[in-house]
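Trainee: Below are the sequence and a predicted model for it; my questions follow.
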Amino acid sequence: MLPDQADQSRELAQLVMWKGFVEQVLEAVKRCGWTLRLIYALSADEVPETELFRPNSKERAFLNEKPDVGRILEVLDVNSLTEEAISAKKLGSDDGGCHGVGLWLLASLVNHSCTPNARRLHIGDHMVVFASRDVKAGEEITFAYFDRRALAKAWGFQCGCERCVFEEEACHAEEIEGVEGEGDAGKAVVRLEEGLKRWATKGRERGWLRASFWEVFLECYKSEKPMRKWGRRIPAEAVVAESVAEAVGGDERVLKAAVEAVKKNGGGGGVGGFEMEGMLKMGRGVYGKVMKKQAMRSLLGLNIHE
Ligand SMILES: C[S@@+](CC[C@H](N)C(=O)[O-])C[C@H]1O[C@@H](n2cnc3c(N)ncnc32)[C@H](O)[C@@H]1O
């Protein structure tokens, strides 16, 4: 199939999936006034009372009215979630294809962040939400709705998460632009790393900026040339991968690169600067903490002894 045709058939498959989903929801609200009530609650301007969503909620007021299709479509548009690629595909092989779509009432209360602390997995019709990094008591739970490279505009809002605010306001915009305009990946990484030192950027903020340039780091680590040219001015892959994972939560692309680096180096504990514990921690950020060590190793294809 030609690329254009493949794109068209993917879009068509997604439309068909969306149509089937909308029909199912409309059927459900016709049958059940309680479902209609909960869906309308999502469209309110204010955050709905979570109490309302409990199965034994005292506020069980059924709506016996004709469903307003336009209003329901608006709710679905903003609150539906598609099944994440990792649920359906092997690590790193997201073909952008057609995954499931659904409305999970409680999960739809979760805001987006470009520095999320949770991920979701889909098992059948169920969604499992797990922490993708350590979460402080009282910290808001957030998902990444979209990959940061993709347009937030497609979701119809400008992201106001702490990472976006930091990168927009606190950042050294001109110097960052210089890094962005750098054609040579090695030089760009060196420029960024020198900037991070000069700006005294530490901890998560350092991780955020490295995450924003993750593709450039990858380009650098892919070939020996920049590493030979710039030597220690380019930080070790493990250091960057861990700082990115720490700052933006479990990220499949970072994990994939880390796994590839270990495999390329022929296995063995601590290869390429990656410690097994660090790798497993990254894996838990992507697949959840409940995954047993041995199962995680075989999922990642790491038959390595500590
Ligand atoms: C699925 S709802 C999330 C829950 C919703 N905020 C609520 O209170 O019920 C998605 C909507 O929340 C808002 N939203 C979520 N994350 C946001 C973010 N990082 N910055 C700005 N608005 C956000 C946007 O209006 C988006 O369309």
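Mentor: Cool, the structure landed.
Trainee: which helix in the protein runs the most residues?
Mentor: In the chain, with assignment by DSSP state H, the single longest helix is helix 3-31.
Trainee: Tell me the buried residues in it?
Mentor: Gln14, Phe21, Val22, Val25, Val29 (16 or more other Cβ atoms under 10 Å). For glycine as for every other residue, the C-beta is placed from the backbone atoms N, C-alpha and C.
Trainee: contacting residues around the fourth one?
Mentor: Contacts for Val25 (Cβ atoms under 8 Å, 6 or more residues apart in numbering) come out as Ile39, Ile72, Leu76, Leu103.
Trainee: Check the first one and give its pLDDT.
Mentor: Read it as Ile39. Note for Ile39: predicted pLDDT of 92.
Trainee: now do His305
Mentor: pLDDT, read off for His305, is 52.
Trainee: mind checking the SS state of the closest residue to Gly278 other than its chain neighbours?
Mentor: Spatially, and ignoring its direct neighbours in sequence, Gly278 is nearest to Glu242 (5.6 Å; Cβ to Cβ, 6 or more residues apart in numbering). Three-state call for Glu242 (DSSP: H, G, I helix; E, B strand; the rest coil): helix.
Trainee: I figured Glu242 hits Met282, correct?
Mentor: Yes - taking contact to mean Cβ atoms under 8 Å, the distance of 7.5 Å between Glu242 and Met282 places them in contact.
Trainee: Pick out whichever of these two has more residues nearby.
Mentor: More crowded of Glu242 and Met282, by other Cβ atoms under 10 Å: Met282, with 27 against 21.
Trainee: that's a helix at that one, yeah?
Mentor: Yes - the assignment for Met282 by three-state DSSP puts it in a helix.
Trainee: Tell me the pLDDT of it.
Mentor: So Met282 comes in at 87 (pLDDT).
Trainee: Touching, it and Glu252? I think so.
Mentor: No - using Cβ under 8 Å, Met282 is not in contact with Glu252, being 9.8 Å away.
Trainee: most centrally placed residue in the chain?
Mentor: Centroid check for the chain by Cα atoms, centre = their mean gives Ala144 as the closest residue, at 4.1 Å.
Trainee: distance of it from the ligand?
Mentor: Distance, Ala144 to the ligand, by Cβ to the nearest ligand atom, to the nearest Å: 10 Å.
Trainee: Backbone dihedrals for that residue, both of them.
Mentor: With angles defined as degrees, to the nearest 10, Ala144 sits at phi -100, psi 110.
Trainee: residues contacting the closest residue to the ligand within the stretch 201-306 of the chain?
Mentor: In the stretch 201-306 of the chain, no residue comes nearer to the ligand than Val248, which is 13.6 Å away by Cβ to the nearest ligand atom. By Cβ under 8 Å, 6+ apart, the contact set of Val248 is Cys114, Thr115, Pro116, Ala144, Arg163, Gly207, Trp208, Ala211.
Trainee: any idea which of these is closest to Leu81?
Mentor: Nearest to Leu81 among the contacts of Val248, counting by Cβ to Cβ, is Ala144 at 11.5 Å.
Trainee: That closest one is in contact with Ser113, isn't it?
Mentor: Yes - the criterion here is Cβ under 8 Å, and Ala144 meets it with Ser113 at 6.8 Å.
Trainee: just for the chain, where's the confidence low?
Mentor: For the chain, applying pLDDT under 70 flags the ranges 1-6, 44-45, 58-61, 84-98, 148-153, 265-274, 303-306.
Trainee: Thanks again, I'm all set now.
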